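[1] Predicted model follows, preceded by the sequence.
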Amino acid sequence: MKSIKLIFTNYLLPILVGLLCAFLIQHFFLGRLTVQGDSMSPNLHDTQKVFYLKNAKIKENSVIFFNVQGVDTFSENVNANTKYVKRVIGLPGDEIVYRNNGKVYVNHKRVAQDYITRTQQKNTLTLSNQEPHAKGVHLGSNRSFKIPKIKYFVLGDNRKISNDSRYYGFVPKEKIDGIVKVPFWNNKAKFINSYNN
């Protein structure tokens with residue numbers, strides 16, 4: 001009888017506690033995902049495995065993971081399982097100016113986009129059935145637009161192929177699953193992690 005109790009306390013109990021901790025961490029704090037597509041290239045690539053922090057504070061330049069159903073109403077094959085990974089450019093209440101040359105201003109300050117080249121900043125996706133002007137978003141002029149409460153303006157780093165807020169508008173906070181993180185040894189970690197500490 002003593003040996004059964006000893007086995008339980010020395011072996012089974014630590015395993016059960018470890019499994020419970022792993023479940024709680026995964027359920028409430030941390031998730032894992034596979035990037036779909038190259039809209040975040042050159043910093044994240046198709047099929048790349050990354051982590052995301054649930055319930056983390058979203059900041060300017062955070063890379064987020066969100067459910068796009070009901071947000072992207074133009075793309076085909078969007079369903080409850082469709083998720084996008086994009087970079088937050090503007091927060092709720094921010095005033096944005098997005099110019100033709102790819103320069104972005106938030107609250108009258110130019111956004112440093114050192115995570116992509118100048119050529120990538122200027123590129124725009126051409127969609128066959130829509131122009132890059134989502135409701136409430138004004139692009140390519142000196143005209144500013146304000147981001148509504150509890151919504152975010154997001155862009156993909158690969159502007160030429162990224163379907164983002166330029167096309168479908170703002171992303172509601174309740175659609176956001178978390179903030180993407182990559183391991184520190186990843187050569188692009190500073191362009192993902194350092195922006196969203």
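    Perfect, thanks for sending it.

[2] how about the helices of this structure, start to end?
    2-7, 13-28, 118-122, 165-168, 189-192 (DSSP state H).

[3] for the last one, what is the average pLDDT?
    Over the span of helix 189-192, the pLDDT mean works out to 68.

[4] Over to stretch 97-113?
    Averaged over stretch 97-113, pLDDT sits at 87.

[5] Can you list the low-confidence ranges for the chain?
    The model of the chain has pLDDT under 70 over residues 1-2, 8, 24-28, 125-136, 138-142, 186-190, 193-197.

[6] what's the nearest residue to residue 36 if we skip its chain neighbours?
    Excluding the flanking residues, the one nearest residue 36 by C-beta to C-beta, 6 or more residues apart in numbering is residue 46, at 6.8 Å. In this view, the C-beta of every residue, glycine as well, is placed from N, C-alpha and C.

[7] was I right about the one you found contacting residue 40?
    No: using C-beta atoms under 8 Å, residue 46 is not in contact with residue 40; the gap is 9.3 Å.

[8] looking at the helices of the chain, which is closest to residue 54?
    helix 13-28 (6.5 Å; C-beta to C-beta).

[9] thinking again about what came up before, run a quick neighbour tally on the residue nearest to residue 36.
    12 (other C-beta atoms under 10 Å).

[10] which residues sit in contact with it?
    35-38 (C-beta atoms under 8 Å, 6 or more residues apart in numbering).

[11] which one of the residues you listed sits closest to residue 63?
    Residue 63 has its nearest neighbour among the contacts of residue 46 in residue 35, at 10.1 Å by C-beta to C-beta.
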